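**Student:** for reference, the sequence and a predicted model appear below.
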Amino acid sequence: MCGIVGLLVKKPELREQLGALMVPMLVEMAARGPESAGMAVFTAALPEGQRKYSLHAPVWDYDWGGFEGEFIKRFGPEAQLGVQGNHAILTCDEPADAVKPWVRGHFPMLHILAAGRVMDIYKDTGHPASVAERYRFGSFSGTHLVGHTRMATESAVTPDRAHPFTAGEDFCLVHNGTISNPYMIRRKLEHRGIVFETDNDTEAACRYLEWRMREGDNLETALGKGFEELDGFYTFLIGTQNKLALVRDAFACKPAVVAETDDYVAIASEFRSLAHLPGVDQAKLFEPMPEEIYSWTV
Amino acid sequence: MDGVNATDRRRVFDLSTARVRDLNQFLHHELPGSGVEQVEVQHPGGRHAIAVGINHPVNVEVKGHGGYYLAGMNKLASVTVHGNVGWGVAENMMSGTVRVKGFASESAGATGHGGTLIIEGDASLRCGISMKGIDIVVGGDIGNYSAFMAQAGHLLVCGDAGHALGDSLYEAVIYVRGRIKSLGADAQEEEMTDADRAKVAELLARAGFGYQPSEFKRVASAKKLYHWNADANQEY
């Protein structure tokens, strides 16, 4: 089991409340995944030339000052670092193909969780309520969120194997279920130079879909190809810079429910995760059908 | 129930403050002999296992959406949900009536032995899987793989049915008013008899749905899987 949650607010005035609305959703899904949790938040976009990188360190009191100093020495003084314990968001003018190899070479203990202009990621082991508190999920503001509570089946319980998984820029995926052919997918992608960071089955699905989009598919076309290529059980919730998308496999063994009002689209594994949302009594409620693509644009 | 006034005949459980366990322990242990005839469940909030395992005649009204296994194993009680329900509503029901005013998620009425399950909206995948005597009436559509290995009872669908309807069916009978996406292995469409029309009329009356028996078709087992066929070469 795992729990998935997603929220997209339709009105700009609700963006400040995004995290506060989400936290009870995530905590309610702790029963489906008490071991680790994560959240991707899509914020206001950085200017075209800028990038931000979500970084994860192996210890809570990591020497981020030392990292920042070295980064500025190498790339110049424009960089900014927002620290939250063992996570930090690095904002700078440097593209991913410069930053990623440098971080891996000089700070191999750091893990780059995400890159892009819009998306920040926080994920860690522990009960979802304590993860939410640790990284102040309740204070998040933005247009949409993708969250997950994990009960591991396919790989160890570690921060890097918690969801959301990311690939490329401003793209993330959370998963409830099990992919049966992750190694087949992985061999196919590694052959094309795509680098995997964990042995987790969800990472294969995430990298496959993001690869399809880099090859020119739009999100919906990529998901359609995913129905053919990804074998196994899944409910996927995907976040891009301006979209949420939801799909279930042909057998629909893993649940999902959607509540939509004039104010928001909320997605969760079970209704109890949505029960606290304002106006949910009047919301349009439905369960996604197997092998149908549902997407919502900011 | 001499000496029991109207207030004593009714109990309210507000699940925004009370636990599901408080409700179920009342239904199991305190209800018999208490004179209570009506139980109202407020703010169910999608909680699991609401009003499971009742073994006593009582009316339960759930005012909102339920979670998994609502009214599971029900015996004798009448349970009405003014909302939607999660997976496995009325699973393994023995007798009584469960009515869902909204939609039901997967495996509604799974393995039910008796009683009536009425879903006014749609039912999702695997509705009536392995049903063993329950009658299920669905006002809307049903999802794929419904009535898989259904052994006894009736599944009446006023809307459409999904893929692989009645796969490996035993003696349960399915009536469908709308379109059937596909039949499962060994399920076949059959002529409606007078007995079928009478059964459909009776099920529709029980649910309060205003359709005509003549609008329904019958699906039942071709019984080709009942005996091992060495010549089939594992192809069915």
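**Tutor:** Here it is on my side, so go on.

**Student:** which parts of the stretch 151-298 of chain A are helices?
**Tutor:** A:182-190, A:201-214, A:219-229 (DSSP state H, counting those that start in this stretch).

**Student:** looking at the ones you listed, which is closest to chain B?
**Tutor:** Chain B lies closest to helix A:219-229 among those, at 14.7 Å (C-beta to the nearest C-beta). For every residue, glycine as well, the C-beta is placed using N, CA and C.

**Student:** please work out the angle formed by the directions of the closest one and helix A:182-190.
**Tutor:** Per axes from the mean of the first three to the mean of the last three C-alpha atoms, to 10 degrees, the angle that helix A:219-229 makes with helix A:182-190 is 130 degrees.

**Student:** next, the buried residues of helix A:219-229.
**Tutor:** A:219, A:222-223, A:226 (16 or more other C-beta atoms under 10 Å in any protein chain shown).

**Student:** likewise for stretch B:69-78?
**Tutor:** For stretch B:69-78, the neighbour count (16+ other C-beta under 10 Å) marks B:69-75, B:77-78 as buried.

**Student:** sitting in strands, which of those do you find?
**Tutor:** Judged by DSSP state E, the subset of those located in strands is B:Ser78.

**Student:** okay, helices next: where are they in chain B?
**Tutor:** Using DSSP state H, the helices found in chain B span residues B:20-25, B:194-207.

**Student:** not counting the last one itself, show me its contacts.
**Tutor:** Where contact means C-beta atoms under 8 Å, 6 or more residues apart in numbering or on different chains, the residues beyond helix B:194-207 that reach it are B:116, B:118, B:135, B:137, B:139, B:154, B:156, B:173, B:175, B:192, B:210-211, B:213-214, B:216, B:218.

**Student:** quick one: pLDDT of the residue of the stretch 101-250 of chain A found nearest chain B?
**Tutor:** Closest approach between the stretch 101-250 of chain A and chain B, counting by C-beta to the nearest C-beta: A:Ala250, at 8.3 Å. Listed pLDDT for A:Ala250 reads 95.

**Student:** that one and B:Gly162, how far apart?
**Tutor:** When distance is defined by C-beta to C-beta, to the nearest Å, A:Ala250 is 11 Å away from B:Gly162.

**Student:** looking at those two, which is more packed in?
**Tutor:** Neighbour count, other C-beta atoms under 10 Å in any protein chain shown: between A:Ala250 and B:Gly162, B:Gly162 has more, with 23 against 11.

**Student:** need the contact list for the more buried one.
**Tutor:** Contact analysis of B:Gly162 by C-beta under 8 Å, 6+ apart lists B:125, B:141-146, B:181.

**Student:** how does it look with 7 Å?
**Tutor:** B:125, B:142-144, B:146, B:181 (C-beta atoms under 7 Å, 6 or more residues apart in numbering or on different chains).

**Student:** OK, contacts around A:Asn181?
**Tutor:** A:231-232.

**Student:** swap the cut-off to 6 Å and go again
**Tutor:** By C-beta atoms under 6 Å, 6 or more residues apart in numbering or on different chains, the residues touching A:Asn181 are A:Asp231.

**Student:** how much space between it and A:Ala204?
**Tutor:** A:Asn181 sits 8 Å away from A:Ala204, taking C-beta to C-beta as the criterion.

**Student:** quick check: residues of chain B near chain A?
**Tutor:** B:45-46, B:65, B:67, B:124-125 (C-beta under 6 Å from any C-beta of the partner chain).

**Student:** now render the residues you listed as TSV, adding distance to A:Val280 and neighbour count.
**Tutor:** Below are these laid out as TSV (distance: C-beta to C-beta, whole Å; neighbours: other C-beta atoms under 10 Å in any protein chain shown):
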residue	distance to A:Val280	neighbour count
B:Gly45	10	21
B:Gly46	10	26
B:His65	9	27
B:Gly67	14	24
B:Ser124	20	25
B:Leu125	24	26
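
**Student:** what's the closest of those to A:Lys73?
**Tutor:** B:Gly46 (53.4 Å; C-beta to C-beta).

**Student:** list, one by one, the residues from the stretch 101-250 of chain A near chain B.
**Tutor:** Going by C-beta under 6 Å from any C-beta, none of the residues of the stretch 101-250 of chain A are near chain B.

**Student:** please name the nearest non-neighbouring residue to B:Val36.
**Tutor:** Leaving aside its sequence neighbours, B:Val36 sits nearest to B:Arg11 (C-beta to C-beta, 6 or more residues apart in numbering or on different chains; 5.2 Å).

**Student:** could you do A:Glu220 as well?
**Tutor:** With C-beta to C-beta, 6+ apart, the residue lying closest to A:Glu220 is A:Ile293, at 5.3 Å.

**Student:** domains in chain A, by residue range?
**Tutor:** Following automatic domain parsing, chain A resolves into domains at A:2-40+A:131-297, A:46-117.

**Student:** now those domains in JSON lines, with distance to B:Asn229?
**Tutor:** Output for the domains of chain A, formatted as JSON lines (distance: least, C-beta to C-beta, whole Å):
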{"stretch": "domain A:2-40+A:131-297", "distance to B:Asn229": "27"}
{"stretch": "domain A:46-117", "distance to B:Asn229": "57"}
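
**Student:** just name the most buried of those.
**Tutor:** Each of those was scored by mean neighbour count; the highest is domain A:2-40+A:131-297, a mean of 20, by mean count of other C-beta atoms under 10 Å in any protein chain shown.

**Student:** from chain B, how far off is A:Thr261?
**Tutor:** Taking C-beta to the nearest C-beta, to the nearest Å as the measure, A:Thr261 falls 15 Å from chain B.
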